[in-house]
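Colleague: Have a look at this prediction, sequence included:
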Amino acid sequence: MTAYADFYRRSLDDRNAFWAEQAKLIEWHHTPNSICDESRPPFTRWFADGTTNLCHNAVDRHLKQRADQPALIYVSTETGAERTYTFRQLHTEVQQAAAVLRGLGVKKGDRVLIYMPMIAEAAFAMLACARIGAIHSVVFGGFASLSLASRIEDAAPKVVISADAGSRAGKVLAYKPLLDEAIRLSKHKPEAVLLVDRGLAGMERSTGRDHDWAELMQRQRDAKVECEWLASTDVSYTIYTSGTTGQPKGVQRDVGGYAVALAASMKHIFLAQPGETYFSTSDIGWVVGHSYIVYGPLIAGMATIMYEGLPIRPDAGIWWSLVEKYKVTAMFSAPTAVRVLKKQDPAFLKKYDLSSLKALFLAGEPLDEPTARWISDGLGVPIIDNYWQTESGWPILSLVNGVQAQTSKFGSPGLPVYGYDVKLVHENTGEELTEPGQKGVVVIEGPTPPGFMQTVWGDDERYVKTYWETVPGRMVYSTFDWGIRDKDGYYYILGRTDDVINVAGHRLGTREIEESISSHPNVAEVAVVGVADALKGQVAMAFVVPRDASLIADDRAKLKLEGDIMKVVDDQLGAVARPARVRFVSLLPKTRSGKLLRRAIQAVCEGRDAGDLTTIEDPSALQQIRDAVAR
Ligand code: ATP
Ligand code: MG
């Protein structure tokens, strides 16, 4: 057996010993004796009799050895702010913020909703909650009133922390009016609202309810607030899924299991060493921001970069200039961001010294081979695709290079990560598919590993029903993704189970067709959906963003490109996979986190209502689809 195969087997076969070992990567107040409690499946309780604290592990723990090393590096190309906080300074800020929250009556178990732009105060607020055992619920700052209102209602926070405004591409986006409207719409009313005033937009304040962050922090200048020792199974936070396939689900996460999972992943997957610098380009509103902007890097004793701004402003070299300046060793981003860079001059990838960078990790969406090759050749660093979900909190499929250096394969996020008993099953019979090349639903056999969601917030029944009772005949966690495994055990994600297309009895993943189409040189981006067809059951429809729009200036040119694209699919996958139509648009409908909204595209194609669109980035993209379909 190889070193990783052995490591992986032990994580499942000798679960308690394996995770007791990993648990030593964090500091406990009371070291757990109970490791994996699986007495009430599918609910798994990790390190149940242990007590610890996320903030202690992210901040206080490092004061002994690295108090004056950088912890949080805040960079905003929107406001020009740039500031480094050492672990000592972070400790001070977080204690102050914790004292402010206590002063507003926040106690252990109370919810605090954080609706903030990417500013350092947002990280202070999260860590302050963790410190006193309050449950944070971070809501992405780009959401408008309606999305925010439903989350306020669901989390029922005692306090909301927000700011006057965010900024995107130099355009100020006022938050306060959106927040006021959301509170008005919500049946639940927070007792207090704490506001960071960035001086970007004026704010109307509601007396008695609204408080000024800077003023209250100033009053707590010398505050000392010790970490509250929490049960490992206490709730650390709730966070909502991206809403790509329907209504977002409120994911609830624990304390101890999460801390251990992150510490272990930093070491084994993200190649972390204390004192190094981590740069994740995500947003604190998403799970990547929780795990790999705030908690993971800090728990590992690394400096973490928190970046507010676009990847292409002031120019497409901005991220790489930060890598050079702060000697970033590990970087984490998403394919959607790489596709943005792909439309820019590749010379920017070569302009800065990237010798500190060990790898670029990408997750969130399928990484097509042309995009992976483009960024890998351009940067000259390994690209590591990793597959996971808000629900899991950390990678499910990846290469685990910290245990054993492994070969990556384009198009595959790699192997099951230790702790995850990943399987492929037949979606109708539930039968396990063991032969290489068989397509099926990607599922996880319980018990779920540390860091995995505990349940749906406030709704155990919904957790069981939604995730564990969908595969006939067996109780397994469904990822709702469709995949395939090759003879070496590498997985390939073929699309969402909802997106599987059934053409005259042939089952095709949207991803397979998209991957094929995107190999055409004039395709920048593509979305494929299955559309009901009287004859064939379903046919594929493709919406393409051309790389060079001038090549499809008239109808003849469009027809020619459509034909060329169909030919590419014919040659690569066969005529069954050929899209019935290829339509050209300048923009595809995506969620705020950059995921293709295939279900909305499909609904429009089939003349149905587009469904829940509260997480859509730009509604005009969907209008383009409507127009293209109407033509
Ligand atoms: P919702 O669950 O609300 O519909 P969502 O599934 O997009 O939204 P997330 O938890 O943000 O919410 O995304 C997880 C999903 O993203 C995965 O289930 C998978 O479909 C996709 N995904 C993530 N990483 C990868 C990857 N490396 N390759 C392919 N797909 C990925
Ligand atoms: Mg999902």
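Modeller: Nice, I can see it. Ligands and ions are numbered 1, 2, ... in the order given.
Colleague: how far away is the residue sitting furthest away from the middle of the chain from G563?
Modeller: In the chain, the greatest distance from the average C-alpha position (C-alpha atoms, centre = their mean) is reached by R556, at 41.2 Å. Plainly put, R556 is 11 Å away from G563 if you go by C-beta to C-beta, to the nearest Å. Just so you know, the C-beta spots here come from the backbone N, C-alpha and C atoms, and that holds for glycine as well.
Colleague: rewinding a little: what's the helix or strand for the residue farthest from the centre of the chain?
Modeller: Using DSSP states H and E, R556 maps to helix 555-573.
Colleague: From the structure, what's the count of residues near the residue in the stretch 501-631 of the chain that ligand 1 sits nearest to?
Modeller: Sorted by distance to ligand 1 under C-beta to the nearest ligand atom, the residues of the stretch 501-631 of the chain start with K595, at 4.8 Å. Neighbourhood size, K595 [other C-beta atoms under 10 Å]: 21.
Colleague: Assign a three-state SS to the residue lying closest to it once chain neighbours are set aside, would you?
Modeller: Once flanking residues are discounted, K595 sits nearest to T244: 4.6 Å by C-beta to C-beta, 6 or more residues apart in numbering. Look at T244: counting by DSSP: H, G, I helix; E, B strand; the rest coil, its state is coil.
Colleague: For T244, what are phi and psi?
Modeller: phi -70, psi -40 (degrees, to the nearest 10).
Colleague: per-residue confidence for the residue farthest from the centre of the chain?
Modeller: With respect to pLDDT, R556 has a value of 92.
Colleague: who in the stretch 101-250 of the chain is up against ligand 1?
Modeller: Contact residues, the stretch 101-250 of the chain versus ligand 1 (C-beta under 6 Å from any ligand atom): 241-246, 248.
Colleague: Farthest-apart pair in those residues, please.
Modeller: The most widely separated members of these, counting by C-beta to C-beta, are S242 and G246 (10.5 Å).
Colleague: Neighbour count: the two, which is higher?
Modeller: S242 (22 against 11).
Colleague: In this structure the more buried one contacts K590, no?
Modeller: No. The pair S242 / K590 is not scored as a contact, 9.9 Å apart, by C-beta atoms under 8 Å.
Colleague: interface residues of this protein facing ligand 1?
Modeller: Counting by C-beta under 6 Å from any ligand atom, the chain comes close to ligand 1 at 241-246, 248, 363-367, 385-390, 413, 479, 481, 493, 496, 593, 595.
Colleague: Please convert the buried members of those residues into PyMOL selection syntax.
Modeller: In PyMOL, a selection of the buried entries from those looks like this (16 or more other C-beta atoms under 10 Å):
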select buried, resi 241+242+243+244+245+248+363+364+365+366+367+385+386+387+388+389+390+413+479+481+493+496+593+595
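Colleague: from the residues of the chain next to ligand 1, which ones fall inside strands?
Modeller: Mapping those onto strands (DSSP state E) picks out 385, 479, 481, 493, 496.
Colleague: Could you give the bridge partners of the fourth one?
Modeller: Bridge pairing for I493 (DSSP bridges) gives the partners G483.
Colleague: And it, how close does it get to W213?
Modeller: Distance of I493 to W213, computed by C-beta to C-beta: 41 Å.
Colleague: same question, the last one
Modeller: Taking C-beta to C-beta as the measure, R496 and W213 are separated by 40 Å.
Colleague: pLDDT score for the nearest residue to E82 once chain neighbours are set aside?
Modeller: Spatially, and ignoring its direct neighbours in sequence, E82 is nearest to V75 (5.0 Å; C-beta to C-beta, 6+ apart). V75 is assigned 98 on the pLDDT scale.
Colleague: same thing with G246?
Modeller: At G246, the pLDDT value in this model is 74.
Colleague: what sits up against the helix holding R556?
Modeller: 508, 512-513, 516-517, 519-520, 522-523, 542, 544, 546, 551-552, 577-579, 581-582, 584 (C-beta atoms under 8 Å, 6 or more residues apart in numbering).
Colleague: give me the number of residues near the spatially closest residue to V106 that is not a sequence neighbour?
Modeller: Computed as C-beta to C-beta, 6+ apart, the closest residue to V106 that is not its neighbour in sequence is A134, at 5.0 Å. Using other C-beta under 10 Å, A134 is surrounded by 26 other residues.
Colleague: My read is that A134 contacts R102, right?
Modeller: No. Counting by C-beta under 8 Å, A134 does not reach R102; the two are 9.2 Å apart.
Colleague: doesn't P449 make contact with E38?
Modeller: No. Taking contacts as C-beta under 8 Å, E38 lies outside contact range of P449: 11.3 Å.
Colleague: So if I had to pick from these two, which one is more boxed in?
Modeller: Higher neighbour count among E38 and P449: P449, with 29 against 14, using other C-beta under 10 Å.
Colleague: Okay, that one and ligand 1: tell me how far apart.
Modeller: Distance, P449 to ligand 1, by C-beta to the nearest ligand atom, to the nearest Å: 16 Å.
Colleague: residues in contact with that residue?
Modeller: Neighbours of P449 in contact, by C-beta under 8 Å, 6+ apart: 11, 19, 257, 261, 418-420.
Colleague: Among those, which lie within helices?
Modeller: Of these, the ones assigned to helices by DSSP state H are 11, 19, 257, 261.
Colleague: where does Q252 land in three-state SS?
Modeller: For Q252, the secondary-structure state derived from three-state DSSP is strand.
Colleague: For it, name its beta-bridge partners.
Modeller: Bridge pairing for Q252 - DSSP bridges - gives T238, T455.
Colleague: count of neighbours near it?
Modeller: Q252, neighbours per other C-beta under 10 Å, totals 21.
Colleague: Over to A169?
Modeller: By other C-beta under 10 Å, 10 other residues sit near A169.
Colleague: ok, it - contacts?
Modeller: Going by C-beta under 8 Å, 6+ apart, A169 touches 310, 313.
Colleague: ok, it to F43 distance?
Modeller: 44 Å.
Colleague: Tell me which stretches of the stretch 151-300 of the chain form helices.
Modeller: All helices of the stretch 151-300 of the chain, identified by DSSP state H, counting those that start in this stretch, fall at 176-185, 213-219, 256-268, 287-289, 296-299.
Colleague: can you list those in a markdown table and add mean neighbour count?
Modeller: Formatted as a markdown table, the helices of the stretch 151-300 of the chain follow (neighbours: other C-beta atoms under 10 Å):
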| stretch | mean neighbour count |
| --- | --- |
| helix 176-185 | 19 |
| helix 213-219 | 15 |
| helix 256-268 | 27 |
| helix 287-289 | 26 |
| helix 296-299 | 28 |
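Colleague: Tell me the pLDDT of the nearest residue to S232 once chain neighbours are set aside.
Modeller: Residue nearest to S232 in three dimensions, not counting chain neighbours: G256, with 2.7 Å by C-beta to C-beta, 6+ apart. Per-residue pLDDT puts G256 at 98.
Colleague: isn't G256 right up against W229?
Modeller: No. Applying C-beta under 8 Å as the test, G256 and W229 come out as separate, 10.8 Å apart.
Colleague: so what sits against both of the two?
Modeller: Taking C-beta under 8 Å, 6+ apart as the contact rule, G256 and W229 both touch 51-52.
Colleague: Now do the same contact list for the residue nearest to K595.
Modeller: Counting by C-beta under 8 Å, 6+ apart, T244 touches 496, 591, 595-599, 615.
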